[in-house]
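[1] coords please:
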Amino acid sequence: MSKEILESVRRNIRLRGYSMGTEKTYINWIRRFLYFTSSESPENVNPQRIGEYLSYLANERHVSINTQKVVLNALVFYFEKFLKCEVGNLGFTLATRQRYLPTVLTVEEVKSILDQLEGRNRLIIELMYGSGLRVSEALAIRIQDIDIKRGALTIRDAKGRKDRQTLLSNKAGERLQTQIDHALRVQSRDTEKGVGTSMNPSLVLKYPKAPFSPAWAYLFPSSKWCAHPLTGELVRHHLHHSVVRKFLKIAVKKAGITNKRVTTHTFRHSFATHLMAQGTDIRTVQELLGHNDVSTTQIYTHVLGRHYSGATSPADLL
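    All right, here's what the predicted structure looks like:
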(Lines give C-alpha, C1' and ligand atoms only; values in the text may rest on other atoms or scores of the structure.)
Protein backbone atom coordinates (compact mmCIF):
# COMPACT_ATOMS: atom_id res chain seq x y z
CA MET A 1 0.00 0.00 0.00
CA SER A 2 2.79 2.42 0.91
CA LYS A 3 4.35 1.88 -2.55
CA GLU A 4 1.13 3.02 -4.19
CA ILE A 5 0.98 6.03 -1.87
CA LEU A 6 4.60 6.95 -2.66
CA GLU A 7 3.96 6.73 -6.40
CA SER A 8 0.96 9.02 -6.00
CA VAL A 9 3.10 11.45 -3.99
CA ARG A 10 5.77 11.31 -6.71
CA ARG A 11 3.23 12.19 -9.40
CA ASN A 12 1.96 15.06 -7.24
CA ILE A 13 5.50 16.42 -6.79
CA ARG A 14 6.13 16.28 -10.55
CA LEU A 15 2.80 17.95 -11.25
CA ARG A 16 3.98 20.90 -9.13
CA GLY A 17 7.27 21.16 -11.06
CA TYR A 18 9.65 20.44 -8.17
CA SER A 19 13.25 19.57 -9.01
CA MET A 20 14.44 15.96 -9.25
CA GLY A 21 16.62 16.52 -6.19
CA THR A 22 13.64 17.69 -4.14
CA GLU A 23 11.56 14.78 -5.39
CA LYS A 24 14.15 12.21 -4.33
CA THR A 25 14.62 13.82 -0.92
CA TYR A 26 10.90 14.13 -0.18
CA ILE A 27 10.11 10.59 -1.30
CA ASN A 28 12.98 9.24 0.80
CA TRP A 29 11.81 10.92 4.02
CA ILE A 30 8.13 10.26 3.44
CA ARG A 31 8.99 6.58 2.94
CA ARG A 32 10.93 6.54 6.22
CA PHE A 33 8.10 8.29 8.04
CA LEU A 34 5.54 5.77 6.76
CA TYR A 35 7.82 2.96 7.92
CA PHE A 36 8.05 4.68 11.34
CA THR A 37 4.25 4.75 11.51
CA SER A 38 3.75 1.38 9.80
CA SER A 39 1.20 0.25 12.40
CA GLU A 40 -1.25 2.81 10.95
CA SER A 41 -2.81 3.20 7.51
CA PRO A 42 -0.78 5.82 5.53
CA GLU A 43 -3.88 7.91 4.80
CA ASN A 44 -4.95 7.92 8.45
CA VAL A 45 -1.69 8.83 10.17
CA ASN A 46 -2.20 11.69 12.62
CA PRO A 47 -0.15 14.79 11.68
CA GLN A 48 0.98 14.95 15.32
CA ARG A 49 3.17 11.93 14.57
CA ILE A 50 5.44 14.34 12.70
CA GLY A 51 6.58 15.80 16.03
CA GLU A 52 7.23 12.31 17.39
CA TYR A 53 9.26 11.41 14.30
CA LEU A 54 11.33 14.59 14.45
CA SER A 55 12.03 13.97 18.13
CA TYR A 56 13.08 10.41 17.29
CA LEU A 57 15.46 11.66 14.58
CA ALA A 58 16.96 14.29 16.90
CA ASN A 59 17.35 12.11 20.00
CA GLU A 60 17.86 8.61 18.63
CA ARG A 61 19.38 9.16 15.20
CA HIS A 62 21.20 12.42 16.07
CA VAL A 63 20.47 14.01 12.70
CA SER A 64 21.53 17.61 12.10
CA ILE A 65 19.21 20.60 12.44
CA ASN A 66 19.31 21.11 8.67
CA THR A 67 18.18 17.52 8.13
CA GLN A 68 15.33 18.02 10.60
CA LYS A 69 14.17 21.04 8.59
CA VAL A 70 14.28 19.05 5.34
CA VAL A 71 12.25 16.24 6.95
CA LEU A 72 9.71 18.75 8.26
CA ASN A 73 9.30 20.29 4.79
CA ALA A 74 8.82 16.83 3.24
CA LEU A 75 6.20 15.78 5.77
CA VAL A 76 4.34 19.08 5.64
CA PHE A 77 4.16 18.60 1.86
CA TYR A 78 2.81 15.06 2.38
CA PHE A 79 0.04 16.13 4.74
CA GLU A 80 -0.92 19.58 3.46
CA LYS A 81 -0.29 19.36 -0.29
CA PHE A 82 -0.94 15.67 -0.90
CA LEU A 83 -3.44 14.59 1.78
CA LYS A 84 -5.00 18.09 2.06
CA CYS A 85 -4.76 17.83 5.84
CA GLU A 86 -3.73 20.80 8.01
CA VAL A 87 -0.71 20.01 10.15
CA GLY A 88 -1.37 22.64 12.83
CA ASN A 89 0.80 22.99 15.94
CA LEU A 90 3.12 19.99 16.21
CA GLY A 91 4.35 20.78 19.70
CA PHE A 92 7.91 20.48 18.41
CA THR A 93 10.46 23.27 18.20
CA LEU A 94 13.50 22.90 16.00
CA ALA A 95 16.75 23.70 17.73
CA THR A 96 18.44 26.96 16.76
CA ARG A 97 21.20 26.25 14.31
CA GLN A 98 24.67 27.26 15.41
CA ARG A 99 26.18 29.81 13.08
CA TYR A 100 29.31 28.51 11.41
CA LEU A 101 31.77 30.72 9.57
CA PRO A 102 32.46 29.27 6.12
CA THR A 103 35.92 28.04 5.19
CA VAL A 104 37.60 30.49 2.82
CA LEU A 105 40.79 30.04 0.82
CA THR A 106 43.32 32.76 0.17
CA VAL A 107 43.95 33.78 -3.44
CA GLU A 108 47.30 31.97 -3.26
CA GLU A 109 45.62 28.77 -2.03
CA VAL A 110 43.06 28.89 -4.85
CA LYS A 111 45.90 29.29 -7.34
CA SER A 112 47.85 26.40 -5.83
CA ILE A 113 44.83 24.10 -6.24
CA LEU A 114 44.21 25.27 -9.82
CA ASP A 115 47.86 24.59 -10.64
CA GLN A 116 47.27 20.91 -9.86
CA LEU A 117 44.50 20.72 -12.47
CA GLU A 118 44.24 21.09 -16.21
CA GLY A 119 41.71 21.14 -19.01
CA ARG A 120 38.09 20.44 -18.12
CA ASN A 121 38.76 19.87 -14.43
CA ARG A 122 40.57 23.18 -14.01
CA LEU A 123 37.80 25.00 -15.87
CA ILE A 124 35.11 23.66 -13.52
CA ILE A 125 36.95 24.97 -10.45
CA GLU A 126 37.73 28.26 -12.22
CA LEU A 127 34.03 28.76 -12.91
CA MET A 128 32.99 27.93 -9.36
CA TYR A 129 35.55 30.39 -7.97
CA GLY A 130 35.38 33.03 -10.69
CA SER A 131 31.57 33.11 -10.89
CA GLY A 132 30.53 32.06 -7.38
CA LEU A 133 28.78 28.88 -8.46
CA ARG A 134 27.52 25.85 -6.61
CA VAL A 135 28.87 22.64 -8.12
CA SER A 136 25.37 21.76 -9.39
CA GLU A 137 25.16 25.13 -11.15
CA ALA A 138 28.58 24.76 -12.77
CA LEU A 139 27.79 21.30 -14.14
CA ALA A 140 24.35 22.34 -15.43
CA ILE A 141 25.70 25.17 -17.63
CA ARG A 142 24.48 24.92 -21.23
CA ILE A 143 26.16 26.54 -24.22
CA GLN A 144 23.45 29.20 -24.51
CA ASP A 145 24.16 30.36 -20.94
CA ILE A 146 27.66 31.59 -21.81
CA ASP A 147 28.37 35.09 -23.08
CA ILE A 148 32.13 35.42 -23.42
CA LYS A 149 32.03 38.88 -25.05
CA ARG A 150 29.98 40.39 -22.22
CA GLY A 151 31.80 38.42 -19.54
CA ALA A 152 28.46 37.14 -18.26
CA LEU A 153 27.12 33.74 -17.26
CA THR A 154 23.42 32.92 -16.85
CA ILE A 155 22.48 30.44 -14.14
CA ARG A 156 19.08 28.87 -14.77
CA ASP A 157 16.68 27.19 -12.36
CA ALA A 158 19.12 27.44 -9.46
CA LYS A 159 18.30 26.95 -5.78
CA GLY A 160 14.87 28.41 -5.11
CA ARG A 161 13.97 27.86 -8.80
CA LYS A 162 15.51 31.22 -9.79
CA ASP A 163 17.55 32.44 -12.75
CA ARG A 164 20.38 34.91 -12.29
CA GLN A 165 23.38 36.37 -14.07
CA THR A 166 26.88 36.43 -12.67
CA LEU A 167 30.43 37.29 -13.68
CA LEU A 168 32.46 35.29 -16.18
CA SER A 169 36.23 35.48 -15.78
CA ASN A 170 38.22 36.57 -18.84
CA LYS A 171 41.04 34.23 -17.81
CA ALA A 172 38.83 31.20 -18.45
CA GLY A 173 38.32 32.28 -22.08
CA GLU A 174 40.67 29.90 -23.91
CA ARG A 175 39.82 26.84 -21.80
CA LEU A 176 36.14 27.74 -22.05
CA GLN A 177 36.19 27.86 -25.83
CA THR A 178 38.05 24.54 -25.97
CA GLN A 179 35.40 22.95 -23.73
CA ILE A 180 32.57 24.46 -25.80
CA ASP A 181 34.07 22.93 -28.94
CA HIS A 182 34.36 19.56 -27.21
CA ALA A 183 30.74 19.69 -25.96
CA LEU A 184 29.47 20.51 -29.45
CA ARG A 185 31.44 17.62 -30.98
CA VAL A 186 29.95 15.24 -28.42
CA GLN A 187 26.45 16.47 -29.19
CA SER A 188 27.03 16.24 -32.94
CA ARG A 189 28.01 12.56 -32.63
CA ASP A 190 24.99 11.92 -30.39
CA THR A 191 22.64 13.60 -32.87
CA GLU A 192 23.85 11.30 -35.64
CA LYS A 193 22.76 8.38 -33.45
CA GLY A 194 19.45 9.97 -32.49
CA VAL A 195 20.41 10.72 -28.88
CA GLY A 196 19.63 14.17 -27.50
CA THR A 197 20.67 16.27 -24.52
CA SER A 198 18.81 15.69 -21.26
CA MET A 199 15.97 18.19 -20.83
CA ASN A 200 12.73 18.65 -18.90
CA PRO A 201 9.98 16.82 -20.84
CA SER A 202 7.72 19.90 -20.73
CA LEU A 203 10.41 21.91 -22.53
CA VAL A 204 10.81 19.17 -25.13
CA LEU A 205 7.07 19.32 -25.84
CA LYS A 206 7.39 23.06 -26.40
CA TYR A 207 10.69 22.87 -28.32
CA PRO A 208 10.90 19.38 -29.92
CA LYS A 209 14.23 20.07 -31.65
CA ALA A 210 15.93 21.57 -28.56
CA PRO A 211 17.63 18.31 -27.38
CA PHE A 212 19.59 18.32 -30.65
CA SER A 213 20.27 22.07 -30.71
CA PRO A 214 23.85 23.27 -29.94
CA ALA A 215 22.41 25.97 -27.67
CA TRP A 216 21.02 23.35 -25.27
CA ALA A 217 24.12 21.17 -25.11
CA TYR A 218 25.71 20.86 -21.68
CA LEU A 219 29.14 22.47 -21.32
CA PHE A 220 30.31 19.46 -19.30
CA PRO A 221 28.60 16.41 -20.86
CA SER A 222 28.79 13.06 -19.10
CA SER A 223 30.96 10.34 -20.57
CA LYS A 224 28.03 7.97 -21.10
CA TRP A 225 24.37 8.02 -22.07
CA CYS A 226 21.71 7.33 -19.46
CA ALA A 227 17.96 6.81 -19.24
CA HIS A 228 16.01 9.99 -18.56
CA PRO A 229 14.55 9.66 -15.02
CA LEU A 230 11.11 10.86 -16.14
CA THR A 231 10.70 9.46 -19.65
CA GLY A 232 13.14 6.55 -19.73
CA GLU A 233 14.45 7.86 -23.07
CA LEU A 234 18.18 7.51 -23.79
CA VAL A 235 19.87 10.91 -23.33
CA ARG A 236 23.19 12.49 -22.41
CA HIS A 237 23.20 14.30 -19.06
CA HIS A 238 25.94 16.47 -17.56
CA LEU A 239 28.82 15.24 -15.41
CA HIS A 240 27.92 13.89 -11.98
CA HIS A 241 29.04 16.00 -9.03
CA SER A 242 30.98 13.04 -7.58
CA VAL A 243 33.47 13.41 -10.47
CA VAL A 244 34.33 16.93 -9.28
CA ARG A 245 34.63 15.93 -5.63
CA LYS A 246 37.05 13.12 -6.51
CA PHE A 247 39.49 15.18 -8.57
CA LEU A 248 39.26 18.13 -6.16
CA LYS A 249 40.24 15.94 -3.21
CA ILE A 250 43.37 14.84 -5.07
CA ALA A 251 44.23 18.41 -6.13
CA VAL A 252 43.89 19.77 -2.57
CA LYS A 253 46.19 17.04 -1.28
CA LYS A 254 48.78 17.77 -3.97
CA ALA A 255 48.57 21.50 -3.17
CA GLY A 256 49.55 20.69 0.42
CA ILE A 257 46.52 22.36 2.01
CA THR A 258 46.01 20.41 5.22
CA ASN A 259 44.76 23.08 7.63
CA LYS A 260 41.39 23.64 5.92
CA ARG A 261 38.52 21.40 4.89
CA VAL A 262 38.11 22.23 1.21
CA THR A 263 34.88 21.26 -0.57
CA THR A 264 33.36 22.35 -3.86
CA HIS A 265 31.35 24.99 -1.96
CA THR A 266 34.55 26.52 -0.54
CA PHE A 267 35.17 28.23 -3.89
CA ARG A 268 31.77 29.94 -3.77
CA HIS A 269 32.55 31.20 -0.27
CA SER A 270 35.96 32.38 -1.44
CA PHE A 271 34.43 34.20 -4.44
CA ALA A 272 32.12 36.21 -2.17
CA THR A 273 34.76 36.96 0.46
CA HIS A 274 37.37 38.06 -2.07
CA LEU A 275 34.86 40.32 -3.85
CA MET A 276 33.99 42.04 -0.58
CA ALA A 277 37.67 42.37 0.31
CA GLN A 278 38.08 44.28 -2.97
CA GLY A 279 35.37 46.71 -1.88
CA THR A 280 32.39 45.28 -3.78
CA ASP A 281 29.19 46.32 -2.03
CA ILE A 282 27.20 43.64 -0.24
CA ARG A 283 24.07 44.07 -2.40
CA THR A 284 26.05 43.31 -5.55
CA VAL A 285 27.53 40.19 -3.96
CA GLN A 286 24.02 39.18 -2.87
CA GLU A 287 22.76 39.44 -6.47
CA LEU A 288 25.73 37.52 -7.89
CA LEU A 289 25.24 34.69 -5.39
CA GLY A 290 21.47 34.64 -5.79
CA HIS A 291 20.71 35.01 -2.08
CA ASN A 292 17.13 35.95 -1.18
CA ASP A 293 18.13 37.77 1.97
CA VAL A 294 21.12 40.06 2.46
CA SER A 295 21.57 38.59 5.95
CA THR A 296 22.75 35.37 4.29
CA THR A 297 25.42 37.31 2.40
CA GLN A 298 26.36 39.24 5.52
CA ILE A 299 28.18 36.21 6.95
CA TYR A 300 31.12 37.06 4.69
CA THR A 301 31.71 40.34 6.53
CA HIS A 302 32.51 38.24 9.59
CA VAL A 303 34.89 36.06 7.58
CA LEU A 304 36.76 39.21 6.60
CA GLY A 305 37.14 40.18 10.22
CA ARG A 306 35.46 43.51 9.59
CA HIS A 307 32.04 44.87 8.67
CA TYR A 308 31.20 46.81 5.55
CA SER A 309 31.21 49.97 7.69
CA GLY A 310 35.01 49.76 7.53
CA ALA A 311 35.71 49.08 11.23
CA THR A 312 39.24 47.96 12.03
CA SER A 313 40.98 46.65 15.13
CA PRO A 314 42.09 49.42 17.52
CA ALA A 315 45.41 47.60 17.83
CA ASP A 316 46.12 48.62 14.22
CA LEU A 317 46.23 52.23 15.39
CA LEU A 318 49.06 51.67 17.87
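
[2] Strands along the stretch 151-300 of the chain, start to end?
    152-158, 162-167, 196-197, 226-227, 234-236 (DSSP state E, counting those that start in this stretch).

[3] which residues are in contact with the last one?
    Spelled out, it's strand 234-236. 186-187, 190, 195-199, 211, 218, 221-222, 224-228 (Cβ atoms under 8 Å, 6 or more residues apart in numbering). (Each C-beta comes from the backbone N, C-alpha and C, glycine too.)

[4] Paired strands for that strand, with orientation please.
    With DSSP bridges as the test, strand 234-236 is paired with strand 196-197 (parallel), strand 226-227 (antiparallel).

[5] With mean neighbour count, mean pLDDT and distance to residue 286 added, can I get the strands of the stretch 151-300 of the chain in JSON lines?
    Listed next are those as JSON lines, based on neighbours: other Cβ atoms under 10 Å; pLDDT from 0 to 100; distance: least, Cβ to Cβ, whole Å:
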{"stretch": "strand 152-158", "mean neighbour count": "17", "mean pLDDT": "89", "distance to residue 286": "14"}
{"stretch": "strand 162-167", "mean neighbour count": "15", "mean pLDDT": "90", "distance to residue 286": "10"}
{"stretch": "strand 196-197", "mean neighbour count": "24", "mean pLDDT": "96", "distance to residue 286": "32"}
{"stretch": "strand 226-227", "mean neighbour count": "12", "mean pLDDT": "94", "distance to residue 286": "36"}
{"stretch": "strand 234-236", "mean neighbour count": "19", "mean pLDDT": "96", "distance to residue 286": "35"}
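
[6] The spatially closest residue to residue 271 that is not a sequence neighbour: how many residues sit nearby?
    The shortest distance from residue 271 to any non-neighbouring residue, by Cβ to Cβ, 6 or more residues apart in numbering, is to residue 132 (3.8 Å). Applying other Cβ atoms under 10 Å, we find 25 residues neighbouring residue 132.

[7] My read is that residue 132 contacts residue 286, right?
    No - look at residue 132 against residue 286 with Cβ atoms under 8 Å: they stay out of range, at 10.8 Å.

[8] List only buried entries from the contacts of strand 234-236.
    186-187, 190, 195-199, 211, 218, 221-222, 225, 228 (16 or more other Cβ atoms under 10 Å).

[9] wait, which of these is closest to residue 268?
    residue 218 (20.1 Å; Cβ to Cβ).

[10] How about residue 85, nearest residue that isn't a chain neighbour?
    Nearest residue to residue 85 in three dimensions, chain neighbours excluded: residue 79, at 4.8 Å (Cβ to Cβ, 6+ apart).

[11] same check, this time on residue 75
    residue 50 (4.9 Å).

[12] show me the contacts for that neighbour.
    Contact partners of residue 50, counting by Cβ under 8 Å, 6+ apart, are 33, 72, 75, 76, 79, 87, 90, 92.

[13] what's the answer for residue 288, then?
    For residue 288, the contact set (Cβ under 8 Å, 6+ apart) comprises 131, 132, 164, 166, 167, 271, 272, 275.

[14] Could you say which helix or strand holds the residue sitting nearest the centre point of the chain?
    Closest to where the C-alpha atoms of the chain average out (Cα atoms, centre = their mean) is residue 136, at 4.4 Å. Per DSSP states H and E: residue 136 is located in helix 135-139.

[15] Using TSV, lay out the contacts of residue 288 together with distance to residue 254.
    What follows is the contacts of residue 288, written out as TSV (distance: Cβ to Cβ, whole Å):
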residue	distance to residue 254
131	24
132	24
164	33
166	28
167	28
271	22
272	26
275	27
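
[16] Can you show me the helices along the chain?
    With DSSP state H, the ranges of helices along the chain come out as 2-15, 20-36, 49-59, 65-76, 107-114, 119-131, 135-139, 173-192, 201-206, 241-254, 266-277, 282-289, 294-297, 299-304.
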